[in-house]
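> Fold the following for me, if possible:
(one chain, ligands or ions: 7)
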Amino acid sequence: MGVRRSEETCERKSRHGHNQPRFTFCDISSSFIARTSACLDRQSERKGLNITRIIPITIGVSLAAVTIYLSMQQQIGELAIADEPTQSVAKSTSSTDSPSVTKEGPQAATYVGRQQCAECHRENFEQHAAHGHASTFSEVAETDLPDIFDQQTFDGGESYGTYQYSKDSSGNLTVSLLADESPSNLPLQYVLGSGHNARTILTLNRASDGVTEGIEHRVSCYPNQRLGMTVGHSEKKATRDLEKFGDVTRGELTQRCVYCHTTTGILTEGRIDRLVSNVNCEKCHGPGSEHVRQARELKDPPPYSVGDAAWDVESEIQLCGDCHRLPRSITKQELRDYPNTLARFQPVGMLRSKCYLASNREMKCSTCHDPHQSVHGISQHAHEQKCIQCHDSNDSSHTICPVSAEANCIKCHMPVVPQEQDIELHDHWIRVHED
Ligand code: HEC
Ligand code: HEC
Ligand code: HEC
Ligand code: HEC
Ligand code: HEC
Ligand code: HEC
Ligand code: HEC
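Ligands and ions are numbered 1, 2, ... in the order given. All right, here's what the predicted structure looks like:
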């Protein structure tokens, strides 16, 4: 395998295009999956980001600090403002969509916030506002959760205890254990998930060694204001006090959780710096200050992001797979938490499909999904038209279904796979199912 060559290519490609330095595309072998994994390996080795490798490392306190430092460097990426003193965002404004990063030095593109894009890209802006991406990270106090949880109790089960929630006069929500053992109580800080499937609470804690820990609460809010066990928690056990409130992760693992649900945000000392909430325009397109400046000066601004010559099918799969997961990036813990199905990881399924493998790598996420438009509210019929683009019975060069050439493709070839807590996901490994 051309591993040595891959390193060169990684280096070269990582300076191009959008702001995902870790998930650059490397051209080293015939299979995309192999290319991706080789690249991820090298990239993560160099940047100290291999999660399975990090777990033992974080045991050593001083090394843990290095790990966090590296992850901050990585997040900042091409912003090239790593040595600027971190700018803390006041609590009251931290989970708005407004930018929190200021301009530093010539040519260093910075985040300007999605409002700025609305001026010239009104349609993308409005569609995105209705997408799950636009509401996947907020402060609990800014949502209806304090009212939903207030005065409720919930039995967390053996080794946990019974939770009691209460809202104080300023609207903040806390949880305590009824059997008043320690730990006494915990604020509910951030909420992840738009609520279409679930909303899960995350509280940050500065551990005694300075490392930031994240407590993913054991109770989540499901549609129709129903409280229920957080997905993946039923098999867990609390082995230390803080874990009675939920699953505790440290350092890089907690950073990943924030990384996938925000545009930018760096964990430090038990809080989030430079927070820009939600998966906004600039998460996918990269910091936009230069593009906005150029677009204001020139009628025809230079290529940016997806307009870049280096942007191709694989770039897009890398982009979406960065959060929706690639085969290589599924952790052992995730396999344990979601043992019955890989339907949660759409790119993994798509990459195994004949449609992808046999279509000259023409298939990508945006073949079926406008990246700005939510899938909720799109009719099944509209999705099936995407299948028919390639499986067209009027064109003899296409493979046609002998069972149903016109309708109901999704039901048979991308069926819903029921998950815990009534969540439904579609199997993106498009194939003929036995029954
Ligand atoms: C930074 C991480 C991240 C990236 C990059 C990302 N997503 Fe998502 N995506 C999420 C999260 C988090 C959710 C869950 C939103 C929610 O809470 O409902 C989601 C939800 C979705 C949904 C379902 C919600 C809806 O309203 O339709 C679709 C479809 C989707 N993403 C497609 C894509 C595609 C296509 C790409 C690449 C162009 C992509 N995503 C890139 C994190 C990401
Ligand atoms: C590698 C990226 C990644 C990490 C890490 C991650 N998420 Fe997500 N999360 C996603 C994506 C992508 C979705 C959308 C899933 C879908 O609709 O297929 C999602 C969906 C969700 C949802 C919506 C409900 C659901 O199950 O679809 C919640 C709640 C959530 N995540 C909470 C969390 C919390 C809390 C953490 C950290 C403890 C976390 N996530 C870590 C990418 C990530
Ligand atoms: C989840 C990732 C993601 C997010 C979030 C996102 N985009 Fe995009 N955007 C893409 C991808 C991928 C393409 C290329 C699609 C293609 O190849 O057809 C694209 C294409 C575009 C284009 C050029 C083609 C077109 O649709 O006009 C514009 C302009 C654009 N995006 C603006 C925005 C703006 C403005 C926002 C925020 C309101 C935004 N995008 C949010 C992924 C994203
Ligand atoms: C002052 C107007 C203006 C603003 C503000 C603006 N854009 Fe653009 N954008 C343009 C023009 C003009 C083009 C090129 C023509 C086209 O594709 O629509 C463009 C193209 C794009 C493209 C396609 C890339 C390409 O090279 O083909 C993307 C993606 C994009 N913009 C995203 C954004 C994002 C994200 C923001 C907010 C951070 C933003 N734009 C803010 C005017 C603007
Ligand atoms: C980009 C073009 C493209 C799109 C879009 C597409 N397919 Fe395919 N699909 C293909 C190709 C090419 C093959 C391989 C056919 C062959 O060579 O036999 C294929 C094969 C299949 C197979 C046979 C799989 C197997 O393992 O034998 C099924 C079933 C299928 N597609 C269903 C669908 C459905 C359902 C959709 C829409 C959700 C869809 N396809 C969308 C190109 C596409
Ligand atoms: C061949 C068409 C097709 C392709 C390609 C495709 N999807 Fe989907 N996707 C669908 C359909 C159909 C649904 C179900 C929509 C609905 O709810 O009716 C869906 C749903 C989703 C959802 C919502 C959760 C779920 O599983 O129901 C997410 C997230 C998603 N897709 C992400 C992706 C990503 C990321 C990619 C690229 C790796 C991708 N999809 C490629 C057809 C496709
Ligand atoms: C009622 C379930 C059902 C529906 C609806 C359905 N299919 Fe199929 N499809 C099948 C089965 C079963 C096979 C395998 C048939 C066989 O091998 O004899 C198949 C085979 C295929 C194949 C492979 C054909 C080949 O020659 O290898 C393709 C492509 C395909 N379907 C696409 C589609 C598309 C596109 C749609 C929607 C327009 C669709 N299917 C609707 C059940 C269905």
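> Go through the protein and flag its longest strand.
Using DSSP state E, we find that the single longest strand of the chain is strand 212-222.
> Only C-alpha atoms, please: export it in PDB.
These are the backbone C-alpha positions of strand 212-222, laid out as PDB (Å, rounded to 0.1, in the frame of the first residue of the first chain):
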ATOM      1  CA  THR A 212     -12.900  19.200  31.100                       C
ATOM      2  CA  GLU A 213     -15.500  16.400  31.600                       C
ATOM      3  CA  GLY A 214     -18.900  16.200  30.000                       C
ATOM      4  CA  ILE A 215     -21.800  14.600  31.700                       C
ATOM      5  CA  GLU A 216     -24.400  13.300  29.200                       C
ATOM      6  CA  HIS A 217     -27.500  13.200  31.300                       C
ATOM      7  CA  ARG A 218     -29.300   9.900  31.800                       C
ATOM      8  CA  VAL A 219     -32.700  11.400  31.000                       C
ATOM      9  CA  SER A 220     -33.500  12.900  27.600                       C
ATOM     10  CA  CYS A 221     -36.600  14.700  26.200                       C
ATOM     11  CA  TYR A 222     -38.400  12.900  23.300                       C
END
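> Show the subsequent helix or strand relative to it.
Reading on from strand 212-222 to the C-terminus, the next helix or strand found by DSSP states H and E is strand 226-229.
> elements contacting that following strand?
Packing partners of strand 226-229 (3 or more CB pairs under 8 Å, 6 or more residues apart in numbering; DSSP states H and E): strand 212-222. The way it works is simple: take the backbone N, C-alpha and C, and place the C-beta from them, glycine included.
> Would you list the strands that the strand it packs on pairs with, along with their directions?
Next to strand 212-222 in the sheet, as set by DSSP bridges, lie strand 199-206 (antiparallel), strand 226-229 (antiparallel), strand 246-250 (antiparallel).
> buried stuff in the second one?
To tie it back to what came earlier, the one meant is strand 226-229. residue 229 (16 or more other CB atoms under 10 Å).
> how far is it from where the chain is centred?
22 Å (CA atoms, centre = their mean, to the nearest Å).
> cool, the last one as well?
Taking CA atoms, centre = their mean, one finds the center of strand 246-250 at 18 Å from the center of the full chain.
> what is the mean pLDDT for it?
In this model, strand 246-250 carries a mean pLDDT of 96.
> Tell me the helix or strand right after that strand.
helix 251-261.
> wait, does that next one make contact with ligand 3?
No - using CB under 6 Å from any ligand atom, helix 251-261 stays clear of ligand 3, with a minimum separation of 11.4 Å.
> Can that helix be said to contact ligand 6?
No - judged by CB under 6 Å from any ligand atom, helix 251-261 makes no contact with ligand 6; its nearest approach is 12.2 Å.
> C-alpha coordinates for the next helix or strand after that helix, CSV please?
Using DSSP H and E, the helix or strand that follows helix 251-261 in sequence is strand 262-268. In CSV, the C-alpha atoms belonging to strand 262-268 read as follows (Å, rounded to 0.1, in the frame of the first residue of the first chain):
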residue,chain,number,x,y,z
THR,A,262,-21.5,23.2,16.8
THR,A,263,-19.8,25.3,14.2
THR,A,264,-16.9,25.9,16.5
GLY,A,265,-16.4,25.6,20.2
ILE,A,266,-13.3,24.7,22.3
LEU,A,267,-13.5,23.1,25.7
THR,A,268,-11.3,24.6,28.3
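> and the angle from strand 262-268 to helix 251-261?
Counting by axes from the mean of the first three to the mean of the last three CA atoms, to 10 degrees, strand 262-268 lies at 160 degrees to helix 251-261.
> So which elements touch the following helix or strand past strand 262-268?
As assigned by DSSP H and E, the chain's next helix or strand after strand 262-268 is strand 271-277. Counting contacts by 3+ CB pairs under 8 Å, 6+ apart, strand 271-277 packs against strand 199-206, strand 262-268.
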